[in-house]
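Novice: Fold the stuff below for me.
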Amino acid sequence: MKNIALVSVFLMLGLNCTPVSAAELNSGCGSIQLAYYELGALYYHNPDGSYAGIDKDVVEEVSRRSGCKFDTVLESRVRIWTQLKNNILDMSVSGIPTPEREKFAEFIPYFSTRNYILLHRDMPAHNQSMAGFLADTSLKVGVVKSFKHGPQLDEWLDKLWTQKRVYEVADFDTLLRLFFAHRVDAVMALPTVWEPLLKKEDISKQIQVHDWAPQDSIVHGLIVSRERVSKTRRDLLKKAIYSMADDGSLEKIFSKHVGSKLARELRYDGPRF
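Specialist: Numbers count the residues shown, from 1 in each chain. As a prediction, the model looks like this:
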């Protein structure tokens, strides 16, 4: 009877329209601690209190394809970087590699994008450019601590830092509150953040979106601890992500949350390691 039951299970698996890999039948990858952070379409609350987002869907599909199981928590971005650097967290999502960060983590890229500038709707026309904003010393910009914004925008920010015209806060929700209270005149945001905002009529009437650094491209990847996650397991995660890119699964996930036009812009076509 046991053999018959086992055969039945395999027949059921075989009838599934999605092939089941050996990794899915063998959880030898074990458990990995993974921290999410809330930000726009990447990870957000549904009205019923559940969570959804690009990163959640990506992680769940990576788990299915790699056989790795993820024990997930919600953390602030600042705490995530601190924990990764101190080797007390295995993994996080949608991180931007830098030389310093690559000392303690490996990055597995899955999308590429750039920051746009959000300005108040009533911002004078002569301030609606990078040079025009910089020239008016009364204007201030808000940023989230630990965020990277791209080569051109970070260079522009450095000039504002020297003039003490930058507000730094812990998270994007706080940044938006400062912006809508007119404590800051501009904020930077990825399409995965501002696109959901524009769907809210009361907010869309208050902001305008500008593309000041169209040549910037910021690669985002899974952030995996070099110390805590073995190379074998990191390679499993890479294979899962690359297979999702190759068969269009990543773009489908992006489309689900930000629409097909932005999904094409998010597609990563860079080198694989």
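Novice: going forward, measure contacts between C-alpha atoms and count neighbours the same way
Specialist: Fine.
Novice: Val209: neighbouring residues, count only.
Specialist: Neighbours of Val209 under the rule other C-alpha atoms under 10 Å: 21.
Novice: That one contacts Asn115, doesn't it?
Specialist: No. With contact defined as C-alpha atoms under 8 Å, Val209 does not reach Asn115; the gap is 10.3 Å.
Novice: For those two, list the residues in contact with both.
Specialist: Between them, Val209 and Asn115 share no contacting residue under C-alpha atoms under 8 Å, 6 or more residues apart in numbering.
Novice: Pretty sure Trp156 sits in a helix.
Specialist: Yes. Counting by DSSP: H, G, I helix; E, B strand; the rest coil, Trp156 is part of a helix.
Novice: residues near it, how many?
Specialist: Neighbours of Trp156 under the rule other C-alpha under 10 Å: 14.
Novice: So the protein: which segments form each domain?
Specialist: As given by automatic domain parsing, the domain ranges for the chain are 28-113+218-266, 116-210.
Novice: Give me the mean pLDDT for whichever strand or helix holds Val59.
Specialist: Counting by DSSP states H and E, the element that carries Val59 is helix 54-66. For helix 54-66, mean pLDDT is 97.
Novice: neighbouring contacts of the helix or strand that it is followed by?
Specialist: Next helix or strand after helix 54-66 toward the C-terminus (DSSP H and E): strand 69-74. With contacts defined as C-alpha under 8 Å, 6+ apart, strand 69-74 is touched by Ser27, Cys29, Gly30, Ser31, Ile32, Gln33, Leu34, Ala35, Tyr36, Tyr37, Glu38, Ser63.
Novice: Just checking: what are the partner strands of strand 69-74?
Specialist: Each strand paired with strand 69-74, and its direction, by DSSP bridges: strand 31-36 (parallel).
Novice: Which positions within the partner strand qualify as buried?
Specialist: By 16 or more other C-alpha atoms under 10 Å, the buried positions in strand 31-36 come out as Ile32, Gln33, Leu34, Ala35, Tyr36.
Novice: Among the domains of the chain, show me which one is buried the most.
Specialist: domain 28-113+218-266 (a mean of 18; mean count of other C-alpha atoms under 10 Å).
Novice: would you turn the domains of the chain into TSV with distance to Phe273?
Specialist: Shown next, in TSV, are the domains of the chain (distance: least, C-alpha to C-alpha, whole Å):
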stretch	distance to Phe273
domain 28-113+218-266	8
domain 116-210	22
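Novice: Please name every helix or strand in contact with the helix holding Val59.
Specialist: Using 3 or more C-alpha pairs under 8 Å, 6 or more residues apart in numbering; DSSP states H and E as the contact test, the elements touching helix 54-66 are helix 22-25, helix 231-246, helix 249-258.
Novice: Distance of the closest residue to Val193 other than its chain neighbours relative to Ala52?
Specialist: What sits nearest to Val193 in space, not counting adjacent residues and going by C-alpha to C-alpha, 6 or more residues apart in numbering, is Gly40, at 4.1 Å. From Gly40 over to Ala52 the distance is 10 Å, taken as C-alpha to C-alpha, to the nearest Å.
Novice: Repeat that for Leu197.
Specialist: Distance of Leu197 to Ala52, given as C-alpha to C-alpha: 16 Å.
Novice: One more: His257?
Specialist: Per C-alpha to C-alpha, His257 is found 9 Å from Ala52.
Novice: How about the contacts made by His45?
Specialist: Contacts for His45 (C-alpha under 8 Å, 6+ apart) come out as Tyr51, Ala52.
Novice: For it, give the beta-bridge partners.
Specialist: Beta-bridge partners of His45, as defined by DSSP bridges: Tyr51.
Novice: Spell out the residue ranges of the helices in the stretch 1-150 of the chain.
Specialist: 2-15, 22-25, 54-66, 77-85, 130-135 (DSSP state H, counting those that start in this stretch).
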